[in-house]
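Enquirer: Sequence and predicted structure are below.
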Amino acid sequence: MDIDEVFVRIGQFGTAQKKIYCGSFVLSVYFAFHMVQLVITAASPKHFTCNDFKNESLNTFKFNASDKVTSDLACDKQCDSFDYGVEFQSIVTEWGLVCDKAYEVRTVESIFMLGVLFGALLYGSISDRYGRLKAIYIGLAFTIIAGCASSVATSVYMYAFLRLLVGINLGCSIALYVLSVEIVGATERHIMSVLGSVGFAIGIIVYAALGYFIRNWRVLSMLTSASGFTFYAFHLVLVESPRWLLSHGHTARAEKVLRKIALGNGKHYPAHVSLKRPVSTKQATLLDVYGNALLLRWTLIQVYSWCVNSTVYYGLTLAAGDLVSSLYMGIALSGVIEIPAVVFTLYLVKRFGRRLPLCLCMLLGGTSCIAIYLIPVTVSRRLLIQNVCALFGKLCISSSFATIYIHSAELFPTSVRNAGMGIVSVGARLGGTLSPFIVLLGDHFYDMHFVIFGLLAFTAGLLNLLLPETLNKPTLESIEDLNAGFAKARGKELLAIDPSSVHHLQKLIEDEEAEDQMEEDVLWDTNSMERAKLMPAHV
């Protein structure tokens with residue numbers, strides 16, 4: 001029996017999967033802490049005062065970092081030291097990363113994203129070779145260690161190195177996502193995928209609140225890094241991916257996991273059923289992805305799309321404080337807006353599929369970003385309109401980011417899914433690496449970074465139309481499945497199946513169970529009659 005048919009019988013998204021989701025949710029919150037950590041720990045003060053100008057006539061001059069005229073004067077290399085006030089303590093205020101050293105902040109952010117890039121490749125291979133859970137446990141342990149160590153760094157160079165290590169080990173987040181979509185049935189994949197974004201959004205909101213109350217970057221970094229230990233509390237409810245086990249020939253272990261899920265869902269594992277193994281169980285590698293022309297074309301489009309999504313997403317997050325007076329409010333709003341985006345995405349991907357919503361959200365997000373630049377200075381309440389456009393753009397990009405996770409996971413066969421997700425994640429991390437410098441461009445050319453974000457989103461949205469739709473399509477288990485008929489010759493569209501086939505199968509199973517129950521009732525009545533005939537008359 002095919003594994004998707006087994007999930008229909010034992011529950012596609014039951015209590016057991018919901019418990020696993022709780023663990024995934026906690027870890028998503030933790031990952032969000034690290035992904036947006038530098039927005040607060042590397043925040044630059046908006047106002048600062050020169051303590052000792054080389055030109056004594058300029059002493060006690062107060063500079064506004066958001067005002068290009070005064071900031072240019074402040075950064076004229078005439079000041080020996082600055083007073084940043086007591087609003088907060090960040091690596092910027094502690095190590096003086098302003099003026100000619102301001103680029104070092106963006107460099108640290110990019111180094112972190114480069115680490116996530118390499119980590120995606122590293123943990124993608126680890127996860128495909130040794131299992132999803134092992135990759136998650138290993139990556140999380142090293143993330144906690146490196147994150148706590150970064151909070152006691154003594155220089156910006158030491159801090160950058162430790163953030164690099166954090167980024168590398170955060171690559172295990174891909175394994176978490178893949179595990180989440182592989183322990184549910186085919187018709188419920190989108191739920192686990194999109195709900196994972198809720199945890200990330202909540203993480204952003206919680207981090208903004210923590211940053212508001214904890215103004216010392218070292219304490220904030222230590223607290224958020226150590227909070228990763230809470231995930232290990234879910235060890236007893238977590239399971240290895242049965243799809244991964246089956247694709248690697250561990251049929252007995254896969255059946256054991258499925259029986260555990262069935263038990264947790266209050267279902268009976270079908271008796272006398274032999275799991276259908278994929279066409280090929282050979283160890284898949286990245287070369288297998290590059291070696292298939294059709295899969296390679298899909299992968300290249302996805303890499304670009306992931307790169308753009310990440311560039312715009314993190315770019316808008318990093319610029320969250322540019323259009324509002326409070327840095328913490330800006331960060332919190334950027335997280336809050338992602339929650340309706342999740343609800344929006346759940347409806348769209350279920351009703352219209354993956355490809356069209358992905359394209360539409362990226363086009364609308366790009367339009368919003370360009371609108372921020374095009375709003376004339378003379379317009380009343382211009383800043384309010386810009387904020388609305390920025391939040392709507394974040395909503396659209398958050399929706400497209402959630403959708404592209406689903407789409408990519410469904411396009412890659414199980415045998416190379418984690419490796420494939422690692423490849424496209426490289427594109428995302430490249431985008432994350434570039435986004436700080438694109439944001440920095442806005443300091444020199446007014447709001448130009450929003451124009452770049454908009455144009456990138458437009459092109460990526462259109463390119464996604466070249467990818468196939470995957471809604472209600474069978475899950476590919478191996479590259480041989482792809483070659484054997486799950487895709488048409490030119491790769492324009494996956495082989496379609498009847499959209500109601502899964503529900504029809506479920507109806508047949510219910511009818512079969514009803515017939516079995518009826519037979520049991522008849523047998524019970526017959527036995528009762530036989531026993532009655534044998535009973536003494538006085539009983």
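Expert: Perfect, I can see it now.
Enquirer: wait, what's in contact with Gly427?
Expert: Contacts for Gly427 (C-beta atoms under 8 Å, 6 or more residues apart in numbering) come out as 302-307, 310. No exception for glycine: its C-beta is placed from N, CA and C like everyone else's.
Enquirer: Show the subsequent helix or strand relative to whichever strand or helix holds it.
Expert: Of the helices and strands defined by DSSP states H and E, Gly427 is found in helix 417-441. Under the assignment DSSP H and E, the closest C-terminal helix or strand after helix 417-441 is helix 448-463.
Enquirer: Give me the contact list for that following helix.
Expert: For helix 448-463, the surrounding residues in contact (C-beta under 8 Å, 6+ apart) are 301, 304-305, 307-309, 311-312, 315-316, 319, 358-363, 365-370, 372-373, 390, 393, 397, 400, 438-439, 441-442.
Enquirer: those strands in the protein, which residues are they?
Expert: With strands called from DSSP state E, the chain shows them at 47-50, 62-64, 82-83.
Enquirer: Look up how far Leu465 lies from Leu27.
Expert: For Leu27, the distance to Leu465 (C-beta to C-beta, to the nearest Å) stands at 33 Å.
Enquirer: who's more crowded, those two?
Expert: Counted by other C-beta atoms under 10 Å, Leu27 and Leu465 do not tie: Leu27 has more neighbours, with 23 against 11.
Enquirer: right, and the more buried one touches Gly196 too?
Expert: No. Contact criterion C-beta atoms under 8 Å: Leu27 and Gly196 do not qualify, at 9.2 Å.
Enquirer: buried sites along stretch 352-364?
Expert: 353-364 (16 or more other C-beta atoms under 10 Å).
Enquirer: can you map out the helices along the stretch 151-300 of the chain?
Expert: Listed in chain order, the helices of the stretch 151-300 of the chain (DSSP state H, counting those that start in this stretch) span 156-169, 173-182, 189-213, 217-226, 242-247, 251-264, 286-290, 293-318.
Enquirer: Lowest average confidence across those, which one?
Expert: Between the helices of the stretch 151-300 of the chain, the one with the least mean pLDDT is helix 286-290; it has a mean of 65.
Enquirer: about what we covered before: for Ala428, find the nearest of the helices of the stretch 151-300 of the chain.
Expert: When those are compared for distance to Ala428 using C-beta to C-beta, the nearest one is helix 293-318, at 3.9 Å.
Enquirer: now that closest one and helix 448-463, what's the angle there?
Expert: Taking axes from the mean of the first three to the mean of the last three C-alpha atoms, to 10 degrees, helix 293-318 and helix 448-463 form an angle of 150 degrees between their directions.
Enquirer: quick one: buried residues of helix 293-318?
Expert: 294-295, 298-299, 301-318.
Enquirer: would you list the contacts of Gly427 in JSON lines and tack on distance to Val219?
Expert: JSON lines is the format used below for the contacts of Gly427 (distance: C-beta to C-beta, whole Å):
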{"residue": "Gln302", "distance to Val219": "40"}
{"residue": "Val303", "distance to Val219": "38"}
{"residue": "Tyr304", "distance to Val219": "40"}
{"residue": "Ser305", "distance to Val219": "38"}
{"residue": "Trp306", "distance to Val219": "34"}
{"residue": "Cys307", "distance to Val219": "34"}
{"residue": "Ser310", "distance to Val219": "29"}
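Enquirer: for the residues you listed, which one is nearest Ala146?
Expert: For the contacts of Gly427, the residue nearest Ala146 by C-beta to C-beta is Ser310; the value is 21.5 Å.
Enquirer: now that closest one: how far from Phe453?
Expert: Distance, Ser310 to Phe453, using C-beta to C-beta: 11 Å.
Enquirer: ok, now Gly14?
Expert: Distance, Gly14 to Phe453, using C-beta to C-beta: 40 Å.
Enquirer: quick one, which of those two is more surrounded?
Expert: Phe453 (30 against 19).
Enquirer: ok, that one to Gly147 distance?
Expert: The value you get for Phe453 to Gly147, if C-beta to C-beta is used, is 29 Å.
Enquirer: ditto for Ala254
Expert: 34 Å.
Enquirer: Mind checking which of those two has more residues around it?
Expert: Shown here are Ala254 and Gly147; by other C-beta under 10 Å, Gly147 has more neighbours (26 against 23).
Enquirer: Quick check: mean pLDDT of the helix holding Gly427?
Expert: Helix 417-441 shows a mean pLDDT of 81 in the predicted model.
Enquirer: again with stretch 107-119
Expert: pLDDT averaged over stretch 107-119 gives 88.
Enquirer: now stretch 49-61
Expert: On average, stretch 49-61 scores 54.
Enquirer: and the residue positioned nearest the centre of the chain, what is it in contact with?
Expert: Nearest to the mean C-alpha position of the chain, counting by C-alpha atoms, centre = their mean, stands Ser197 at 6.1 Å. When the contact criterion is C-beta under 8 Å, 6+ apart, the partners of Ser197 are 28, 338, 341-342, 345, 398, 401-402, 405.
Enquirer: now do 6 Å
Expert: Residues near Ser197 by C-beta atoms under 6 Å, 6 or more residues apart in numbering: 342, 402.
Enquirer: what separates it from Phe453, distance-wise?
Expert: Relative to Phe453, Ser197 is positioned 20 Å away (C-beta to C-beta).
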